[in-house]
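In: The sequence isn't on hand, but the structure is:
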């Protein structure tokens with residue numbers, strides 16, 4: 001089996017385990033967490049108010065990212081461990097290249113008990129809307 005297939009299977013297995021584990025966490029039934037989708041323009045206005053998380057690969061992050069963003073790759077095997085070290089009560093804004101991975105990360109973070117998540121979609125749209133890149 002090719003290495004990339006084994007790695008992808010391990011990542012998916014890890015993500016599935018994370019979802020099962022956090023699905024058992026206690027959250028108030030009357031206070032469901034919803035992920036808010038934001039337009040690129042709206043997301044740019046929020047940059048100073050939220051912790052910005054780039055969920056792309058470290059290589060993509062190094063090639064250019066929103067100024068001040070932290071890198072927590074959603075497809076990394078240790079994603080669950082890394083988000084467990086973040087403050088669940090902080091306001092987060094997530095982005096990736098196209099919006100697929102940020103949506104996946106937002107859902108996983110919501111399942112893990114994070115209470116304020118905005119999915120900003122893709123980096124290209126954010127930069128066109130004026131997000132500073134470094």
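Out: On my side now, so go ahead. All of these numbers come straight from a predicted model, not from anything done at the bench.
In: helix, strand or coil for the residue nearest the centre of the chain?
Out: What sits nearest the mean C-alpha location of the chain, by C-alpha atoms, centre = their mean, is residue 105, with 3.8 Å. Following DSSP: H, G, I helix; E, B strand; the rest coil, we place residue 105 in the helix state.
In: And for residue 125?
Out: Going by three-state DSSP: residue 125 is helix.
In: Check the burial of it by counting its neighbours.
Out: Neighbour count for residue 125, taken as other C-beta atoms under 10 Å: 18. In short, each C-beta sits where N, CA and C put it, glycine included.
In: Tell me which residues touch the nearest residue to it once chain neighbours are set aside, please.
Out: Using C-beta to C-beta, 6 or more residues apart in numbering and skipping the chain neighbours, the partner closest in space to residue 125 is residue 40 (4.0 Å). By C-beta atoms under 8 Å, 6 or more residues apart in numbering, the contact list for residue 40 reads 120-121, 125-126, 128-129, 131.
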